[in-house]
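Visitor: requesting a structural model of the entry that follows:
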Amino acid sequence: VYIHAVVACQNQFFKVPMIDEETGNEFSLESLEKALSDCQKLATSPQNSNTTTLELGYLTTSNRNDCAEARNKLLELNGMKEALETLESGMLLLCLDHTA
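Guide: Below you'll find the model as predicted:
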């Protein structure tokens, strides 16, 4: 069962719970709005301006063979298996980036 959304903002990805694991109830609209606002704040905070991010969006735009090869290389990195599992198991992907 998919219980979280993945939020993309400024080349960063955030896991946002959509359903309370203990009760099985959906979170309120207000709590989801706050979570999305928090994602935007974290992604644009000055503390993150010097952070190196992996450009995982590449995996969604490349051809299937290149994507598979890049994914296999990413899996060799410490902690990446869990990160990719989170990205791949989200019920939806919401992009909060602004376009110019």
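Visitor: list the buried residues in the longest helix belonging to the chain.
Guide: Longest helix in the chain, counting residues (DSSP state H): helix 29-44. Of all the residues in helix 29-44, those buried under the rule 16 or more other C-beta atoms under 10 Å are 35, 36, 39, 40, 43. Placement of C-beta: from N, CA and C, glycine included.
Visitor: contact partners for the last one?
Guide: When you say that, I think you mean residue 43. Residue 43 makes contact with 9, 10, 12, 14, 96, according to C-beta atoms under 8 Å, 6 or more residues apart in numbering.
Visitor: tell me which residue lies nearest the centroid of this protein.
Guide: Among the residues of the chain, the one closest to the centroid is residue 13, at 2.9 Å (C-alpha atoms, centre = their mean).
Visitor: so what's that one bridging to?
Guide: Legend: beta-bridge partners of residue 13 under DSSP bridges are residue 8.
Visitor: thinking again about what came up before, and which of the contacts of residue 43 is nearest residue 80?
Guide: Nearest to residue 80 among the contacts of residue 43, counting by C-beta to C-beta, is residue 12 at 14.9 Å.
Visitor: quick check: the closest residue to that closest one other than its chain neighbours vs residue 7, distance?
Guide: Excluding the flanking residues, the one nearest residue 12 by C-beta to C-beta, 6 or more residues apart in numbering is residue 43, at 4.9 Å. Using C-beta to C-beta, to the nearest Å, residue 43 is found at 9 Å from residue 7.
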